[in-house]
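[1] Fold the following and give me the result.
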Amino acid sequence: MGAIITLTTDLGLSDAYVAAMKGVILSINPKAKLIDICHTIKPQNIPQAAFVLGTAYQFFPDKTIHVVVVDPGVGTERRAIILRTPSADFVAPDNGVLSYVLQQCKSVKRRLTPLDFLTGLINNLQQVELGPGMEAVTITKPQFWRSPVSPTFHGRDIFAPVAARLSLGFPPIDFGETITSVTMLSLPHPYQAPDGSLVGHILHIDSFGNLITNIKGDDLPQVKQAITIEVGNQLISGLSRTYAEGRGLLALIGSSGYLEISLKGGSACALLNAEVGNEVKMR
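    Numbering: from 1, shown residues only. Sure thing, here's the model as predicted:
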């Protein structure tokens with residue numbers, strides 16, 4: 001079966017870890033089509049992995065299997081899960097890496113306050129009930145794993161062989177026990193400040209140095225020319241349509257649907273010394 005399996009990891013490209021995972025998958029299903037989403041997630045950065053996966057998975061054909069290995073709790077009691085949604089399967093540690101997938105499939109019950117965000121996303125976890133059309137199981141049946149299992153490389157020894165067998169048509173329930181809730185990061189949402197401005201935060205910094213915020217295009221007023229955006233100590237007037245417009249810093253709605261801060265011909269991140277979590281204000 002020529003099923004599509006994607007890989008998102010923090011394993012990098014200078015070692016053989018990703019190749020070992022691919023070898024395990026192809027040994028079980030030589031017809032699998034392996035697609036790399038990203039292997040340069042910062043080490044153990046669960047929020048970044050969740051965001052990157054969330055911007056990519058929806059563009060794959062239905063029934064694609066997405067494997068995520070960003071797993072600082074590898075070898076501990078943290079759960080390994082299969083999540084089945086109406087459009088795709090996900091094989092991952094139950095540590096929040098599927099948060100944006102869950103957000104797009106189900107409403108989040110609790111929203112972060114600004115203080116919550118500043119304490120760090122990684123410490124803000126919650127259990128969310130699965131919505132209609134979704135199912136999940138814990139991966140607990142070792143007959144589907146490689147043996148012996150390394151306590152430091154579940155990506156190769158558990159997630160890869162399970163994904164390969166899913167691609168052969170095994171149902172999720174064959175791999176473990178049904179669960180009704182999974183772990184999700186308490187994702188930050190923009191909020192309105194007392195002065196009327198909309199306050200968001202930088203969610204992600206891409207390889208070009210663009211600052212991707214959690215303010216979506218739908219959050220913006222209809223008259224976008226009247227918008228002023230404050231980031232660091234810089235003010236940006238209005239929205240651009242492309243990265244090539246104007247001079248210096250500019251703001252635009254990027255391909256992921258979020259407000260981005262960019263620097264024409266350079267890196268907005270370097271210019272502003274920006275970090276994930278910094279405030280972005282819109283008036």
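[2] where does the residue sitting nearest the centre point of the chain land in three-state SS?
    Centrality entry for the chain: nearest residue to the mean C-alpha point is residue 50, 1.8 Å, by Cα atoms, centre = their mean. At residue 50 the chain is in helix, as set by DSSP: H, G, I helix; E, B strand; the rest coil.
[3] Now it. Nearest residue, chain neighbours left out?
    Spatial nearest neighbour of residue 50, excluding adjacent residues (Cβ to Cβ, 6 or more residues apart in numbering): residue 99 at 4.3 Å. Bear in mind the C-beta positions are built from the backbone N, C-alpha and C, glycine included.
[4] burial of that neighbour, as a residue count?
    27 (other Cβ atoms under 10 Å).
[5] Can you tell me how far the residue nearest to the centre of the chain is from residue 157?
    23 Å (Cβ to Cβ, to the nearest Å).
[6] again with residue 241
    For residue 241, the distance to residue 157 - Cβ to Cβ - is 48 Å.
[7] before we move on, what about residue 268?
    Applying Cβ to Cβ to residue 268 and residue 157 gives a distance of 40 Å.
[8] With neighbour numbers in mind, choose between those two.
    residue 268 (26 against 21).
[9] Phi first, then psi, for that one.
    With angles defined as degrees, to the nearest 10, residue 268 sits at phi -60, psi -30.
[10] Same check on residue 29?
    Dihedral angles (degrees, to the nearest 10) for residue 29: phi -130, psi 90.
[11] State the number of residues packed around it.
    Neighbour tally, residue 29, other Cβ under 10 Å: 21.
[12] what separates it from residue 169, distance-wise?
    Per Cβ to Cβ, residue 29 is found 10 Å from residue 169.
[13] need the strands for the stretch 151-283 of the chain, in chain order.
    Under the criterion DSSP state E, counting those that start in this stretch, strands of the stretch 151-283 of the chain are mapped to 176-179, 181-185, 191-192, 198-205, 211-216, 228-231, 234-237, 249-253, 258-263, 279-282.
[14] which helices and strands sit right next to the third one?
    This points to strand 191-192. strand 198-205 (3 or more Cβ pairs under 8 Å, 6 or more residues apart in numbering; DSSP states H and E).
[15] and the direction of the strand it packs on versus that of strand 258-263, what angle?
    70 degrees (axes from the mean of the first three to the mean of the last three Cα atoms, to 10 degrees).
[16] Okay, angle between strand 198-205 and strand 211-216 too, please.
    140 degrees.
[17] chain center to strand 198-205: distance?
    15 Å (Cα atoms, centre = their mean, to the nearest Å).
[18] next one: stretch 163-175
    On Cα atoms, centre = their mean, the centre of stretch 163-175 falls 23 Å from the chain's centre.
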